[in-house]
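J.: Please find the sequence and the predicted model below.
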Amino acid sequence: MRHRVSLPPPSGPPLRGHLPFADAPTVPDPVEVNSRWLTRGGRPWFPVSGEFHYSRYPAREWEEELLKMKAGGVTAVASYVIWIHHEETEGRVRFDADRDLRRFARLCARHGLDFIPRIGPWSHAEVRGGGLPDWVLARTTAPRTDDPAYLSAVRPWWEAIASQLDGLDRAHGGPIVAIQIENELYDQPGHLRTLKRMAQEAGLSAPLWTSTAWGGVHLPDDELLPLYGGYPEAFWTEADGGWPDTCRKHFFFTHQRDDEGIGADLRPTTVRGTDPDTHADRFPWATCELGGGMAVAYHRRPRVDAADIGALGLTKIGCGSVWQGYYMFHGGTNPAGERTTLQESHATAYPNDLPVLTYDFRAPLGEYGQYRPSYDELRLQHLLLADFGEVIAPMRSVLPDGRPRGQHDRDTLRWAVRGDGRTSGFLFVTNHQPHEPLPDHPDTSFTIGFPEAPPLTLPSTPATVPTGAYFCWPLRLDVAGLRLDWATAQPVCTIVDDDGRTVLVLAATDGIAPELALDTGTVRAVATPPGTDVATVTDGDRILITGLRPGTDALVETETPAGDRVAVLVLDATTARTAYRGEAWGAQRLVLCPDGVVFDAPNGEVRIHPRSSQDEGPRARTAVPSVSLSVLPAPPRPPTTPGATVKESQDGALTRYTLVPDEDAPTVPAVTLTALRPAGPAPTPETGVLGRASAPADEHYDTKAAVYRVDVPATRAGTPTPPGSDLLRLHWTGDVARAYVGDTLVADQFFTGRPWDIALDRLPPGEPLTLRILPLAADAAVQLPVTPPAGVAELRHAERITTRTWRLGTT
């Protein structure tokens, strides 16, 4: 089927100067916002923000985790400043250790990351009281309003925040690019205005002041930049509600920004502050909470897969987003409270029971820094935005006439185009959604009309868009003097090699043959990789290249009429998801590596973190495996690393370096598992707020849980166990589980069918763990992706996964 759309001409310039946002006058790259996109230094700017709660993660590991986020394409780190984490007891404000806000912000600055403090006072964040300390709630009967008793508590708290961030604003060269006021407050515009004034009076400063805008929020006119969200699943809906339509909508191309489902359990769904499109003509479509994963509540435990997260993110770009913001990008663990536990719960009149400690969120980077496949899916998109976001941001999203008839239409192909209104654009297709697979679309082609250029039709021969596919294809993309009329492969990034040649890297789509169409007016010579299937045909003003077999050797080399050399490298879909780009050994380089890569430019080092993702299946490592990475351009000298010999070889157009350990690592002592007591009968189900199932009470872990002892011998001196690299992985069945060292709760989990990881470096060395697992009652009103047998609670297997972080420098 041929799908068609004609792009309209430009509708006129965006509104400028109508919003009261201003950057510091002395900065070299002022941040500004018009009605359609943001700019930085006068150029369109497409930020990527990721949420990482510093107070839910050990401070000693912050720097490495921030570098992981940066390598994943995040340009700005957002974090709630959770009041109850800092001032659980009135007057005792803590900014020490894992609460050291200033150190966290300075680490962002050190590594070129913007910082976005979300200062509340109410945050939600699945925290007790939404982050408001108990003593604040005892002081006022009207929190989150202009009640003087409430504001008198907020004022000194914000002055404390301002003191911590003093000198870290843009005027002083700091990283704070935006500040969020409150969260999910839909009906108090006057209070939001008051809070912004109070924050400014306290000394806080940023070029952008933001607010969440879902749920038909009523914002004070032009005071706050509205930020939107969208999740592939939701823990906050009913256990028997199925996949929410408010989540389903995010896998369609639409120009409706609002998501009335986020936080709907905490507000009347019949009350809406504004029409959902009120802000569309005055503000750009910016986001702060695209689901990087999803938390689990006791009553509802959604499963979110990497493709769900990747498809949603790409769809939002196609819809018109100019700021991709993810919640969460990095998981964490609730701190231990001094007076109470600090999670959202029925006990504090909130509608969901959350685990006491874990806030993993199935994020791209997990509770202990584990890499997840969703990290690779999003990184691929962020590489695209790093190079071409400046071009995409001003482009309008255009929807075809032949759109799906409704949210339950699974048969109509979902697609859109972002175009410049003249000659060029990007084609977006999403053929994936959770839970209900979308069908193949055979014999598919697209024809896109442009106001100032001939239409483009692609592919050259209709192709099948396979189930599960989602992609972005370029339309008249200019790269260093070469015009790519179109390609059936997604742009990844560009890189310049040592000879000054620009290489455009593309990612093929599984199931669709990659084709390149080059504008003959920009090509003086072209050379294709050897192979009997590769064909180059000149047809009028276009050179069509077909038959490419994607991979590291699928390099098409061209020379422009100006004599510049431009190459196109077409990677297969799997290899493309191993792509990183960053400053390595003194230059920007493309690195292909299936493991985690961080670029530590201040220290002149690249570090490799071997993966231990749950989604890759259990694999115990008692010896250090070889690690390889392929690099373009190759450094002047091969990298070196202590404890390994680096072997060099060719990997198509790249140079491969394989790290062969000089010797096996010392054997990692295995864990031993001892069953101490079988489970008793499952606790009788209880319900709480909104009639939802409540988590079993603490006493049931003492009387009805299956109990196991796990002995984890300390490794002998010299065993490589850098932070986060020594994991205990538990394969278990039941309803809920807790891990203790002595009487101290150190980890917990609600069953979802996935293994349970615990970082051993956070536990006292050599101390045994006691695991307590409760069975699920047969009549529990709980939604699970995998239902365990009723009445069964058992730990089937425990394994230790130890990996070594490799540090690569050059001599």
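T.: Right, received. Where do you want to start? If you're wondering where the values come from, they're calculated on a predicted model, not measured in any experiment.
J.: so what's the closest residue in space to V304 that isn't next to it in sequence up against?
T.: Here the nearest residue to V304 in space, its sequence neighbours aside, is M294; by CB to CB, 6 or more residues apart in numbering that works out to 4.6 Å. The C-beta positions use only the backbone N, C-alpha and C, and glycine is treated the same way. Applying CB atoms under 8 Å, 6 or more residues apart in numbering to M294 gives the contacts Y231, P232, E233, A234, F235, P302, V304, F361, R362.
J.: Kindly recompute the last result at 7 Å.
T.: For M294, the contacting residues are Y231, E233, F235, P302, V304, F361, R362, by CB atoms under 7 Å, 6 or more residues apart in numbering.
J.: just F426 next, same as before
T.: Applying CB under 7 Å, 6+ apart to F426 gives the contacts I392, V417, R418, C472, W473, P474, L475.
J.: if I pick R738, what's in contact with it?
T.: Y701, L745, D748, R772 are the contacts of R738 under CB under 7 Å, 6+ apart.
J.: Which of those residues fall within helices?
T.: Among the contacts of R738, the ones falling in helices (DSSP state H) are Y701.
J.: Which of the contacts of R738 are buried? Put it as a PyMOL command.
T.: Buried members of these can be picked out in PyMOL with the line below, counting by 16 or more other CB atoms under 10 Å:
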select buried, resi 701+745+748+772
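J.: Identify, from the contacts of R738, the entry nearest to T575.
T.: Set against T575, the nearest of these by CB to CB is D748 (38.0 Å).
J.: Pretty sure D353 is one of the things the closest one touches, is it not?
T.: No: using CB atoms under 7 Å as the test, D748 is too far from D353 to be in contact (11.7 Å).
J.: Tell me the span between the first and last residue of stretch 662-680.
T.: Stretch 662-680 has an end-to-end distance of 51 Å (CA to CA, to the nearest Å).
J.: hang on, I meant stretch 484-491
T.: First residue to last in stretch 484-491 (CA to CA) measures 11 Å.
J.: Tell me which residues are up against it.
T.: Stretch 484-491 is contacted from outside by 384, 388, 456, 458-459, 471-477, 504, 506-509, 512-519, 542, 570, using CB under 7 Å, 6+ apart.
J.: one more time with 8 Å
T.: Stretch 484-491 has contacts (CB under 8 Å, 6+ apart) with 380, 384, 387-388, 456, 458-459, 463, 471-478, 504-509, 512-519, 542, 550, 568, 570, 576.
J.: Which PyMOL command selects the buried ones in those residues?
T.: In PyMOL, a selection of the buried entries from these looks like this (16+ other CB under 10 Å):
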select buried, resi 380+384+387+388+456+458+459+463+471+472+473+474+475+476+477+504+505+506+507+508+509+512+513+514+515+516+517+518+519+542+550+568+570+576
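J.: Show only the entries of the contacts of stretch 484-491 found in helices.
T.: Counting by DSSP H, those place L380, L384, D387, F388, A576 in helices.
J.: The last one: what's it in contact with?
T.: Same thing as A576. Contacts for A576 (CB under 8 Å, 6+ apart) come out as L380, Q490, V492, V505, A507, A508.
J.: Going by distance to R656, which of those wins?
T.: V505 (16.3 Å).
J.: quick one on the thing from earlier: quick one: the contacts of A576 as JSON lines, columns for distance to G313 and pLDDT too.
T.: As requested, these are exported to JSON lines (distance: CB to CB, whole Å; pLDDT from 0 to 100):
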{"residue": "L380", "distance to G313": "10", "pLDDT": "98"}
{"residue": "Q490", "distance to G313": "13", "pLDDT": "98"}
{"residue": "V492", "distance to G313": "15", "pLDDT": "98"}
{"residue": "V505", "distance to G313": "19", "pLDDT": "98"}
{"residue": "A507", "distance to G313": "15", "pLDDT": "98"}
{"residue": "A508", "distance to G313": "19", "pLDDT": "98"}
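J.: At which residues are the strands of the stretch 501-650 of the chain located?
T.: 502-508, 516-519, 525-527, 535-539, 542-546, 555-559, 565-571, 579-584, 587-592, 596-600, 605-609, 627-632, 644-651 (DSSP state E, counting those that start in this stretch).
J.: between those strands, which one is nearest to A798?
T.: strand 605-609 (22.7 Å).
J.: what's the average pLDDT for the closest one?
T.: For strand 605-609, mean pLDDT rounds to 96.
J.: ok, back up a step: closest to L204 out of the contacts of M294?
T.: Once CB to CB is applied, the member of those that ends up nearest L204 is F361, at 27.2 Å.
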